[in-house]
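Asks: The sequence isn't on hand, but the structure is:
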Ligand SMILES: Nc1ncnc2c1ncn2[C@@H]1O[C@H](COP(=O)(O)OP(=O)(O)OP(=O)(O)O)[C@@H](O)[C@H]1O
Ligand SMILES: [Mg+2]
């Protein structure tokens with residue numbers, strides 16, 4: 001097991017070009033058959049403005065890792081640094097701020113708010129950040145158009161197809177222009193054409209706006225367009 005001082009050295013040596021650094025991440029779950037050691041020392045550095053794809057078999061721990069990288073879950077040990085700042089010891093209020101200002105999430109299951117329309121779901125992060133409703137609405141419409149949804153603004157999640165709901169979730173993650181987007185199977189429910197359009201969008205956001213993406217995917221085409229592909233296997237990331 002990596003020594004704590006060694007882990008801290010890795011993070012201290014990080015140059016500012018890294019959007020995300022993780023070192024020595026371990027996580028286990030209790031199970032009736034004994035502890036399930038899902039992450040067994042994950043190390044990771046993601047350069048700003050790049051796309052990292054993470055692949056791996058079902059149950060390998062990809063969503064577990066993404067949740068830890070996005071501060072939604074705590075590792076048993078290890079260090080996470082976002083935009084040059086350690087986040088593993090922040091208090092809840094500070095964490096909420098990091099999430100709201102730096103991060104965008106696309107979850108494996110879209111987690112849209114069922115009572116609200118597509119447009120309102122996408123407006124939500126902007127309203128929470130204090131934007132006025134008129135500008136939030138127009139930015140939400142732009143974001144929905146960028147994922148190819150121009151006629152479903154008023155539909156609630158139950159009135160959207162799986163792929164449409166997924167694209168609303170992508171628009172919601174992208175609308176505040178977060179520095180770092182963590183996406184779990186963002187093109188999972190999409191047909192070829194919609195998936196390709198989404199991949200174009202992510203690539204251009206990384207190139208033109210310097211946004212950074214960590215994308216869990218089973219989609220070979222998306223993986224092939226990433227700057228780097230790592231496989232999560234036996235609790236570790238391999239190149
Ligand atoms: N809260 C939990 N309690 C116990 N075990 C869990 C918990 N969450 C996940 N696991 C187990 O941890 C392992 C990793 O789960 P995870 O969801 O990270 O996998 P994944 O790589 O995202 O898989 P998939 O490709 O199917 O989405 C699985 O074996 C799962 O059963
Ligand atoms: Mg998963």
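Replies: Perfect, thanks for sending it. In this text, all values refer to a predicted model and were calculated from it rather than measured experimentally. Ligands and ions are numbered 1, 2, ... in the order given.
Asks: contacting residues for the closest residue to ligand 2 within the chain?
Replies: The nearest approach of the chain to ligand 2 comes at residue 63, 3.2 Å away (Cβ to the ion). Glycine gets a C-beta too; all of them are placed from N, C-alpha and C. Residue 63 is in contact with 108, 184, 216, counting by Cβ atoms under 8 Å, 6 or more residues apart in numbering.
Asks: got a markdown table for the residues you listed, with secondary structure and neighbour count too?
Replies: Formatted as a markdown table, the entries for these read as follows, by DSSP: H, G, I helix; E, B strand; the rest coil; neighbours: other Cβ atoms under 10 Å:
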| residue | secondary structure | neighbour count |
| --- | --- | --- |
| 108 | coil | 16 |
| 184 | strand | 23 |
| 216 | strand | 24 |
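Asks: how about the residues of the protein that lie near ligand 1?
Replies: For the chain, the residues found near ligand 1 under the criterion Cβ under 6 Å from any ligand atom are 29, 31, 36, 38, 56, 58-64, 108.
Asks: Out of those, the closest to residue 142 would be?
Replies: Nearest to residue 142, judged by Cβ to Cβ, of the residues of the chain next to ligand 1 is residue 108 at 25.5 Å.
Asks: residues contacting the nearest residue to the closest one once chain neighbours are set aside?
Replies: Distances taken as Cβ to Cβ, 6 or more residues apart in numbering put residue 184 closest to residue 108, at 4.0 Å, once the chain neighbours are dropped. Residues in contact with residue 184, defined by Cβ under 8 Å, 6+ apart, are 62, 63, 66, 106, 107, 108, 216.
Asks: In the residues you listed, find the pair that's most separated.
Replies: Largest separation among the contacts of residue 184 by Cβ to Cβ: 62 and 106, giving 13.1 Å.
Asks: For those two, indicate the residue with more neighbours.
Replies: Per other Cβ atoms under 10 Å, whichever of residue 62 and residue 106 has more neighbours is residue 106, with 27 against 22.
Asks: Wait, that one touches residue 171, no?
Replies: No - with contact defined as Cβ atoms under 8 Å, residue 106 does not count as touching residue 171 (9.7 Å).
Asks: Now do the helices in the chain.
Replies: 4-12, 62-69, 92-102, 118-128, 133-146, 162-174, 192-209, 220-225 (DSSP state H).
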